[in-house]
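Peer 1: here are the coordinates; sequence isn't available:
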């Protein structure tokens, strides 16, 4: 970011926002003039600078629309049309806000959480009151599932020389709240084999005095006809020298059905969402990554660190399956992911499995393997001929 003229002092949680992989927004002071700098990720060499003074500025995740906050006044502007779309004066101070969809803003005050739709002239609607467990916390994130029926507020606070994570999970349909100890979380849609509908999953990571865990649980009732998702809880590894490290961000890739977990010290962990198996772990940044978003094109994750480096991590399609099979020695996971996400690299595993089933006379199972094998590798005249014999 410093290469495109951003002052390193303005690279922080309070001055830099990234609501999606499309834009980064930075508040700067140049001389006596307050400015908002918008970096379009498709044209990052040409930041747009506007003389705007605001306490906070967040770009819409999809379009050139910006939300600005000055004390209790909220305004939404269309940058291309140079027009004000909406404005609202809040009765309470907004301590955190976020776009939860291209047409809805979430507003968090000391007491409550509101959703503000961009449609028509609607005003912010109160969704729920904050749970007492988040009192005194710095709010670091707010998330919803795609239908906005499950809402999650995340805060952190320093206690006894460590950072404690407090989350408030709220069900809109049941109007009920659940406080959970956790640092980072995300919702995910995952379609299990044999299920007609995707399961609505809630994934969260926490580090307590006892240890660190990643939990994956289905929220709400499973869709009609679906088998429930078996809940998972696995240990999250932290090296001995990272005694004070903790999870800070989580994004889920729907392209690969993996969870990306980032820690305060710049480590990334990648988990298979179905089995909660840790596929990969590495340090990607020596500085804290303080904001992340899904990287849509690659099915990866994008983040900004304190130095102003914009980093992204994604799956190498041609290498992931051979890596799981060869390095992790987990042929079962390699097969599952290859089928599920249509990835190559496990051809010999499929051929071996097919031959074994065929030799044992399990023809229906063998046919299923042939049909599901990625890239059509077993849908060949030779395979058909074997069945005809």
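Peer 2: Perfect, thanks for sending it. Nothing here was measured: the structure is a model prediction, and the numbers come from that model.
Peer 1: use CA for all of it now, contacts and neighbours both
Peer 2: Will do.
Peer 1: ranges for the strands of the stretch 151-300 of the chain?
Peer 2: In the stretch 151-300 of the chain, the strands defined using DSSP state E, counting those that start in this stretch lie at 162-171, 176-181, 184-190, 199-207, 212-218, 232-235, 247-253, 258-263, 267-272, 278-283, 289-295, 300-305.
Peer 1: so residue 350: helix, strand or coil?
Peer 2: Residue 350 falls in the helix class when you classify it by DSSP: H, G, I helix; E, B strand; the rest coil.
Peer 1: and it, how many neighbours does it have?
Peer 2: A count of nearby residues for residue 350, using other C-alpha atoms under 10 Å, gives 22.
Peer 1: which residues touch it?
Peer 2: Residue 350 is in contact with 335, 369, 370, 373, counting by C-alpha atoms under 8 Å, 6 or more residues apart in numbering.
Peer 1: one more: residue 289?
Peer 2: 262, 263, 264, 265, 266, 303, 304, 305, 306.
Peer 1: looking at those, spot the one nearest residue 385.
Peer 2: Set against residue 385, the nearest of the contacts of residue 289 by C-alpha to C-alpha is residue 262 (49.6 Å).
Peer 1: so the closest one makes contact with residue 248?
Peer 2: Yes: in terms of C-alpha atoms under 8 Å, residue 262 counts as a neighbour of residue 248; the distance is 5.9 Å.
Peer 1: name the helix or strand of the chain that has the lowest mean pLDDT.
Peer 2: helix 381-388 (a mean of 76; mean pLDDT, DSSP states H and E).
Peer 1: what are the contacting residues of that one?
Peer 2: With contact meaning C-alpha under 8 Å, 6+ apart, helix 381-388 is reached by residue 370.
Peer 1: can I get the strands of the stretch 151-300 of the chain in JSON lines including distance to residue 31?
Peer 2: JSON lines is the format used below for these (distance: least, C-alpha to C-alpha, whole Å):
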{"stretch": "strand 162-171", "distance to residue 31": "36"}
{"stretch": "strand 176-181", "distance to residue 31": "43"}
{"stretch": "strand 184-190", "distance to residue 31": "37"}
{"stretch": "strand 199-207", "distance to residue 31": "42"}
{"stretch": "strand 212-218", "distance to residue 31": "46"}
{"stretch": "strand 232-235", "distance to residue 31": "50"}
{"stretch": "strand 247-253", "distance to residue 31": "34"}
{"stretch": "strand 258-263", "distance to residue 31": "36"}
{"stretch": "strand 267-272", "distance to residue 31": "37"}
{"stretch": "strand 278-283", "distance to residue 31": "38"}
{"stretch": "strand 289-295", "distance to residue 31": "27"}
{"stretch": "strand 300-305", "distance to residue 31": "25"}
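Peer 1: so which of those strands comes closest to residue 364?
Peer 2: Nearest to residue 364, of all these, is strand 184-190, at 26.2 Å by C-alpha to C-alpha.
Peer 1: mind checking the pLDDT average for the closest one?
Peer 2: Strand 184-190 comes out with an average pLDDT of 98.
Peer 1: need the pLDDT of the residue positioned nearest the centre of the chain.
Peer 2: By C-alpha atoms, centre = their mean, the chain has its centre lying nearest to residue 251, at 2.0 Å. On pLDDT, residue 251 comes in at 98.
Peer 1: distance of it from residue 24?
Peer 2: 17 Å (C-alpha to C-alpha, to the nearest Å).
Peer 1: and residue 193, by the same measure?
Peer 2: On the measure of C-alpha to C-alpha, residue 193 and residue 24 end up 38 Å apart.
Peer 1: of these two, who's got more company?
Peer 2: residue 24 (23 against 12).
Peer 1: and that one, that one's in a helix?
Peer 2: No: assigned with three-state DSSP, residue 24 falls outside any helix and is strand.
Peer 1: surely it and residue 39 touch.
Peer 2: Yes: between residue 24 and residue 39 there is a contact under C-alpha under 8 Å: 5.1 Å.
Peer 1: out of the contacts of residue 289, grab the one that's most surrounded.
Peer 2: Most surrounded of the contacts of residue 289: other C-alpha under 10 Å gives residue 262, at 29 neighbours.
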